[in-house]
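the following block contains a protein sequence and its predicted model.
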Amino acid sequence: MQLHYNLLLLIITLAGGSIPLWLKKANEKNMHYLLAFSGSFLLSITFLHLLPETFTDLPARAGYLLLAGFFIQLIIQRFTHGAEHGHTHLDEHHIPLTSILLGLSLHAFMEGMPLGFVYHIKGTTPSLYMAVAAHKLPEAMLVTSLVLHTRGRNTAIAVLFLFALITPAASALAGFAGEHYGAIQRALMLLVPVVAGSFIHIATTIFFESGTRLHSMNRRKTLAILTGVALGLLTLMIE
């Protein structure tokens with residue numbers, strides 16, 4: 001089943017990331033709403049699925065690992081300049097592309113590892129895949145846009161394909177290793193709250209940075225956030 005999820009995640013990432021290749025300029029407001037939706041959905045899945053799972057397995061250490069994940073993401077952000085949030089504040093003439101791509105690749109690998117973990121609740125795995133896929137859409141679009149702007153179309157296509165492979169590959173690697181090696185399975189258990197802490201950092205940053213200049217809530221942004229939360233709650237019905 002995870003093979004199907006990984007293929008679907010790959011297709012969604014490629015489809016979303018290819019949008020800048022044929023659409024010259026995306027509507028900035030629509031991007032803000034997509035970010036608000038993906039951030040709220042990711043946060044909902046983290047609170048409703050990942051945290052209950054990790055506090056069940058690691059009741060004494062989960063808090064420490066969540067905190068570590070939050071600050072690890074803060075360190076990664078120094079290299080990505082916020083690209084994992086779906087946008088950057090960089091001058092278009094001074095884009096440290098190598099730094100951004102390396103940071104995003106590390107982030108993509110980290111978020112793929114928990115996808116290969118076996119959870120207590122059946123609905124956690126498909127819910128987590130949906131949240132990561134929603135997060136990948138604006139992220140992949142930004143990756144393609146940055147490479148397209150600095151290196152050209154052919155390089156952008158190649159980078160997009162490689163970037164889209166990282167998270168599904170990490171998931172497949174974690175699933176295989178966890179199934180055959182007990183020590184790796186236990187290590188993955190420790191990684192889940194670290195990634196959850198990273199997700200909390202990303203989602204809350206998106207809330208503050210997406211939308212109006214003053215970061216206030218307008219009707220459409222509120223609707224996008226509520227839609228993400230509602231979808232997150234609906235995943236609790238997955239059996």
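Perfect, I can see it now. Quick caveat, the model's predicted, so the values are computed rather than measured.

and residue 100, how close does it get to residue 31?
17 Å (C-beta to C-beta, to the nearest Å). No exception for glycine: its C-beta is placed from N, CA and C like everyone else's.

tell me which of those two has more neighbours.
Between residue 100 and residue 31, counted using other C-beta atoms under 10 Å, the more crowded position is residue 100 (22 against 17).

quick one: contacts for that one?
Shown in contact with residue 100 (C-beta atoms under 8 Å, 6 or more residues apart in numbering): 79-81, 83, 88, 146.

quick one: secondary structure of it?
Under DSSP: H, G, I helix; E, B strand; the rest coil, residue 100 falls in the helix class.

where along this protein do the strands fall?
Read by DSSP state E, the chain holds no strands at all.

for it, which spans come out with low pLDDT?
1, 24-29, 85-93, 209-217, 239 (pLDDT under 70).

who are the contact partners of residue 8?
If you count contacts by C-beta under 8 Å, 6+ apart, then residue 8 has 129, 133 around it.

gap between it and residue 206?
From residue 8 across to residue 206, the span is 23 Å (C-beta to C-beta).

same question for residue 145.
Residue 145 is 17 Å from residue 206, by C-beta to C-beta.

residue 79 now?
Going from residue 79 to residue 206 by C-beta to C-beta gives 18 Å.

between these two, which has more neighbouring residues?
Neighbour count, other C-beta under 10 Å: between residue 79 and residue 206, residue 206 has more, with 27 against 18.

what's the closest non-adjacent residue to that one?
Spatial nearest neighbour of residue 206, chain neighbours left out: residue 39 (3.3 Å); criterion: C-beta to C-beta, 6 or more residues apart in numbering.

so what's the residue count around residue 13?
Other residues within reach of residue 13, judged by other C-beta under 10 Å, total 28.

what about the closest residue to it other than its chain neighbours, how many residues nearby?
Leaving out its chain neighbours, the residue that sits closest to residue 13 by C-beta to C-beta, 6+ apart is residue 164, at 3.9 Å. Using other C-beta under 10 Å, residue 164 has 24 neighbouring residues.

residue 164 contacts residue 10, correct?
Yes: shown here, residue 164 and residue 10 form a contact pair, counting by C-beta atoms under 8 Å, at 5.4 Å.

which neighbours do those two share?
Between them, residue 164 and residue 10 share no contacting residue, judged by C-beta under 8 Å, 6+ apart.

where exactly do the helices run in the chain?
Residue ranges of the helices in the chain, as given by DSSP state H, are 2-17, 19-22, 28-45, 51-57, 62-80, 97-112, 124-151, 153-180, 182-209, 219-234.

wait, which of those helices is closest to residue 118?
Evaluated over those, closeness to residue 118 peaks at helix 153-180, with 7.0 Å, by C-beta to C-beta.

and the closest one, what does it pack against?
If contacts are counted by 3 or more C-beta pairs under 8 Å, 6 or more residues apart in numbering; DSSP states H and E, helix 153-180 sits against helix 2-17, helix 19-22, helix 97-112, helix 124-151, helix 182-209.

can you say which of those helices is packed in most?
helix 124-151 (a mean of 23; mean count of other C-beta atoms under 10 Å).

just checking, what packs against that one?
Counting by 3+ C-beta pairs under 8 Å, 6+ apart, the packing neighbours recorded for helix 124-151 are helix 2-17, helix 19-22, helix 28-45, helix 97-112, helix 153-180, helix 219-234.

rewinding a little: now do the same contact list for the residue nearest to residue 13.
Contacts of residue 164 were listed using C-beta under 8 Å, 6+ apart, and they are 10, 13-14, 17, 136, 140.

what of residue 114?
For residue 114, the contact set (C-beta under 8 Å, 6+ apart) comprises 50, 128, 174, 188, 191-192, 195-196.
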